[in-house]
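> Build me a model:
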Amino acid sequence: ACLPLTTKKAIGRIDPYDLLSRQLADQVKYYAETTGSSGYPTPAFLTEREFHGGRVVSSITPWIGVLEQALEENRAVVNGLTFGFTIAGMTFGDFLAYHGGMVANIGTRSSIATPERMARALTRVRPSILTGTPVDLLCWMRILQEDYPKQAAEVRRHLKAFVSTAELCASSRTKALQEEFGLIHVDVYACVEGFFSVPCPCGEKHILPIYHPELADADGKVIGSEGDGRFLYTNLLKKSTPMVRYLLDDFVTITRSRCPYGFTRSIEPHGRWELTCVVGGRRLGVRHFEEAIFRHGLFGDYRVTLTDAEARYVLEEYGRHAPVEEIAERLTAEFGMPAKVELVPFGTITKYREIRLSKPILKIEDHRSCSTQQTPE
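Prediction:
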């Protein structure tokens, strides 16, 4: 409690070396930054031991048995997570190789690793495990079906698990992805330092004891460590950047857990705090809308616009789904706002054959007169 609370804005503006422990400065091997989608990329330093910490964390999740079984049958892994400043691609490739995978670190977001090149690589490598974001998976699989229809069935037969991070994915969306592609989806809530929480077959994401989580209210005042609020954490183990009490500023719910695997605390991320909106007296993040949308089937990307008169939903067609009238009726009942639902062809919102230059975090736009939303820079 004596540590100062640091914000994303403050950490993004300072000299990154001010965060680095002098004692471990000569042992640091990696420098990374967040994507900076809120306008303030935040830095992280990693020693070799801290970088390989993902291996330990990945061994803790009960999902590791499923992944290791897939690798026993077929060691091929295609790692489609972004490389560069963000550390996700490197850490995920490292832990999958550690568990026995033959990892093709293809990555995404570059003129070399285009979506079309990724689809081609899938036909050549035929992986048992694929990593990326939920939107990436849909893009790659659609290109695969269009460009390589003869090989698509074989690729899907080999693919046993999809491991995602970097973009929020509601549980209903996970279910829809699993049903469409016949695989296990392991969704990881992570940060630039690597894994923050453990995804579990019980359906929850568990907080590891190496982090001290806290919650803040709308004014930034710390209100405890359970319930709803703005998420801040202190890494109790990381020595290269010691004891930084950091307001990550996701809107989350932290609860006690009765997990059959023995974990005691869980976290559910709802999206960025500055992008939340209050509807019917409830504060809602992107997860609440996504959860409601994907209960009705599998869609591609989506956008929701709130006005004083109605809520407009634009959903990309992808897989099986309920009739539009039924979706609109249920969304109206869920949020207490008249819902207008429009289905558009896949690729209308996200051009699935083009390199994505940014992370799509502004999926819910609140244009009401009572809006408190703060659009990122």
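> Double-check E226 against I254; I have them as touching.
Yes: assessed by Cβ atoms under 8 Å, E226 is found in contact with I254 at 5.3 Å. C-betas here are computed from N, CA, C, even on glycine.
> can you list residues touching both of the two?
In terms of Cβ atoms under 8 Å, 6 or more residues apart in numbering, E226 and I254 are both contacted by the residues L215.
> Who has more neighbours out of those two?
Set E226 next to I254 and count neighbours by other Cβ atoms under 10 Å: I254 wins out with 20 against 14.
> In terms of helices and strands, where is the more buried one?
For I254, the enclosing helix or strand under DSSP states H and E is strand 245-256.
> quick one: strands adjacent to that strand?
Strand 245-256 pairs in its sheet with strand 5-7 (parallel), strand 227-235 (antiparallel), strand 265-272 (antiparallel), by DSSP bridges.
> Would you mind checking which helix or strand in this protein has the lowest mean pLDDT?
For the chain, counting by mean pLDDT, DSSP states H and E, strand 194-195 ranks last in confidence among helices and strands (a mean of 64).
> Run through the neighbouring helices and strands of the very next helix or strand once past that strand.
Taking DSSP H and E as the definition, the helix or strand that follows strand 194-195 towards the C-terminus is strand 197-199. Contacts defined by 3 or more Cβ pairs under 8 Å, 6 or more residues apart in numbering; DSSP states H and E place strand 197-199 against strand 205-207.
> If you average the pLDDT over the next helix or strand after the strand it packs on, what comes out?
Tracing the chain C-terminally past strand 205-207 and defining elements by DSSP H and E, one meets strand 211-216 next. Over the span of strand 211-216, the pLDDT mean works out to 94.
> got a list of contacts for strand 211-216?
Outside strand 211-216, the residues that touch it by Cβ under 8 Å, 6+ apart are 5, 196, 207, 222-236, 245, 247, 252, 254, 265, 267.
> Identify the neighbouring strands of it in the sheet and state each direction.
Strand 211-216 has its sheet partners listed here by DSSP bridges as strand 222-224 (antiparallel), strand 227-235 (antiparallel).
> mind listing what's buried in the first one?
What that stands for is strand 222-224. Applying a neighbour-count criterion of 16 or more other Cβ atoms under 10 Å, one finds V222 buried in strand 222-224.
> from the chain's centre, how far out does it sit?
Averaged C-alpha coordinates place strand 222-224 at 25 Å from its chain's average position (Cα atoms, centre = their mean, to the nearest Å).
> What average pLDDT does it get?
The average of the pLDDT scores along strand 222-224 is 96.
> One more: stretch 353-373?
For stretch 353-373, the per-residue pLDDT averages 90.
> Same check on stretch 32-46?
Throughout stretch 32-46, pLDDT has a mean value of 82.
> which outside residues touch that stretch?
Applying Cβ under 8 Å, 6+ apart, the external contacts of stretch 32-46 come out as 8-9, 11-13, 16, 19-20, 28-31, 85-87, 166, 191-194, 240-241, 246, 249, 272, 274, 358-359, 361, 376-377.
> I figured E167 was touching G132, is that so?
No: with contact taken as Cβ under 8 Å, E167 and G132 are classed as non-touching, separated by 9.3 Å.
> can you map out the helices along this protein?
Taking DSSP state H as the criterion, the chain carries its helices at 8-13, 48-51, 53-60, 64-73, 88-98, 115-125, 134-147, 149-158, 171-181, 286-293, 324-335.
> Please report how far K150 lies from K351.
Noted for K150: a distance of 25 Å to K351, by Cβ to Cβ, to the nearest Å.
> who has more neighbours, these two?
When neighbours are counted by other Cβ under 10 Å, K150 and K351 differ, and K351 comes out ahead with 12 against 7.
> Dump stretch 83-101 to CSV, keeping only the CA atoms.
As requested, C-alpha coordinates have been extracted for stretch 83-101 and formatted as CSV (Å, rounded to 0.1, in the frame of the first residue of the first chain):
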residue,chain,number,x,y,z
PHE,A,83,6.6,-10.5,-33.2
GLY,A,84,8.4,-7.2,-32.7
PHE,A,85,8.0,-4.9,-29.8
THR,A,86,5.3,-7.0,-28.2
ILE,A,87,6.7,-10.1,-26.5
ALA,A,88,3.7,-12.5,-27.1
GLY,A,89,5.0,-14.2,-30.2
MET,A,90,8.4,-14.9,-28.6
THR,A,91,7.1,-16.2,-25.3
PHE,A,92,4.4,-18.4,-26.8
GLY,A,93,6.9,-19.9,-29.3
ASP,A,94,9.3,-20.5,-26.4
PHE,A,95,6.9,-22.4,-24.2
LEU,A,96,5.5,-24.5,-27.1
ALA,A,97,9.0,-25.5,-28.1
TYR,A,98,9.8,-26.3,-24.5
HIS,A,99,6.8,-28.7,-24.4
GLY,A,100,8.1,-30.6,-27.4
GLY,A,101,6.7,-28.6,-30.4
